[in-house]
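Colleague: Requesting a structural model of the entry that follows:
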Amino acid sequence: MKPIRLRDFVMTDDGCLYAVSGYENESRAECVLRYVPTTDGDRVSPWGVRYKKYDFADAFAWVQEHKPTYLDLVHRVPLTDIIRVFKPEELAAEIAARSPRVARLFSHFDLPEMTWGCTGSLLAGLENDASDIDMVVYGSAWFTARQQLMNAVAAGKIPAMSEEMWRKVYNKRVPDISFDEFVLHESRKFNRGEFEGTYFDLLYSRGYDNLHSVPPITLGKKTGKMTIEATVTDASLAFDSPGIYVVDHEEIDLVLSFTHTYCGQCFTGEVLEACGVVEEHGNQTWLIVGTTREAHGEYIVSRTLLDQ
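Modeller: Coordinates of the predicted model:
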């Protein structure tokens, strides 16, 4: 069986569905609970079971009550409890056949087979009319997809994001930067868009050939809060989860974003400004942005972009 990786979904023996949230899944899968089977659920799976979608706080409360051994910074599900793995790249054709809108979005991308698919509610078969499209692309193919999205928007085949949609995303994310700064950064990322009235994400995940290209992301010793300015020397994993920036700074080695808002925020060679929590990790020091769900008081911006 292929390794479990970020953006997969897993089903446990009690029917619950978890979104895989990391890459260290050898004995326990790093997950967040998303859907719980219940007779009063408002979503019905292809296998006829009703489900209720849980937000972040409710998911942790449910796991604390029903599966306390899973509790950690995320939910760590033993592989022995997993009865099914949903892989976006393996179910892409099935999802496209079920959703003409998804099929039309997919048609604007020309990518190698098994390097793309959908995650989220579409992967679980629990989408509704209001569901966003969470398109995921793996490894180097993601950068190809990003360029193809840029080209499609430039050619008018996919519309540019409307201000109404930008406002919707901004109000959902409530970042600690202004709306104008948010849009300035976001509009050059091309990792999200609007298609036939529906919001979609273009999500990155590592390929099977580089799942462990960086050491495991662990919890370090917190030593305080810091705001830095530093040159980014490597942003190749800036769109990953967490987004990783290697920086040239006298105290900080890496800046990590655990919130999607600040992934892809700076490119290699730019000067980054970041405010976050300092953690010691052996001989490295990391600056963590997104230590809470809302990341209030924490941010990343490109000074190069803002100062132009």
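Colleague: contact partners of the host helix or strand of L184?
Modeller: In the assignment (DSSP states H and E), L184 maps to helix 179-186. Counting contacts by C-beta atoms under 8 Å, 6 or more residues apart in numbering, the residues outside helix 179-186 that touch it are 161, 166-167, 169-170, 173, 175, 177, 192, 261, 265, 301-302, 305-306. From N, CA and C alone the C-beta is placed, and that goes for glycine too.
Colleague: now swap in stretch 295-308 and tell me
Modeller: Outside of stretch 295-308, the residues within contact range by C-beta under 8 Å, 6+ apart are 175-177, 181, 184-185, 188, 225, 229, 245, 255, 257-259, 261-262, 265-267, 269-277, 289-292.
Colleague: And it, what's buried?
Modeller: Buried residues in stretch 295-308, defined by neighbour count with 16 or more other C-beta atoms under 10 Å: 295, 298-305.
Colleague: Same check on stretch 32-49?
Modeller: By neighbour count, with 16+ other C-beta under 10 Å as the criterion, the buried positions of stretch 32-49 are 32-36, 41, 43, 45, 49.
Colleague: how about it as PDB, C-alpha atoms only?
Modeller: Written as PDB, here are the backbone C-alpha positions of stretch 32-49 (Å, rounded to 0.1, in the frame of the first residue of the first chain):
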ATOM      1  CA  VAL A  32      -7.900  16.100  12.100                       C
ATOM      2  CA  LEU A  33     -11.400  14.700  12.500                       C
ATOM      3  CA  ARG A  34     -13.800  16.100   9.800                       C
ATOM      4  CA  TYR A  35     -17.000  13.900   9.600                       C
ATOM      5  CA  VAL A  36     -18.800  11.800  12.200                       C
ATOM      6  CA  PRO A  37     -21.500   9.300  11.300                       C
ATOM      7  CA  THR A  38     -24.800  10.200  13.000                       C
ATOM      8  CA  THR A  39     -28.500   9.500  12.300                       C
ATOM      9  CA  ASP A  40     -29.300  13.300  12.100                       C
ATOM     10  CA  GLY A  41     -26.400  14.100   9.800                       C
ATOM     11  CA  ASP A  42     -27.100  16.500   6.900                       C
ATOM     12  CA  ARG A  43     -24.800  14.800   4.400                       C
ATOM     13  CA  VAL A  44     -25.200  11.300   3.000                       C
ATOM     14  CA  SER A  45     -22.200   9.300   1.800                       C
ATOM     15  CA  PRO A  46     -22.100   7.100  -1.300                       C
ATOM     16  CA  TRP A  47     -22.400   4.100   1.000                       C
ATOM     17  CA  GLY A  48     -25.600   5.400   2.500                       C
ATOM     18  CA  VAL A  49     -24.400   6.600   5.900                       C
END
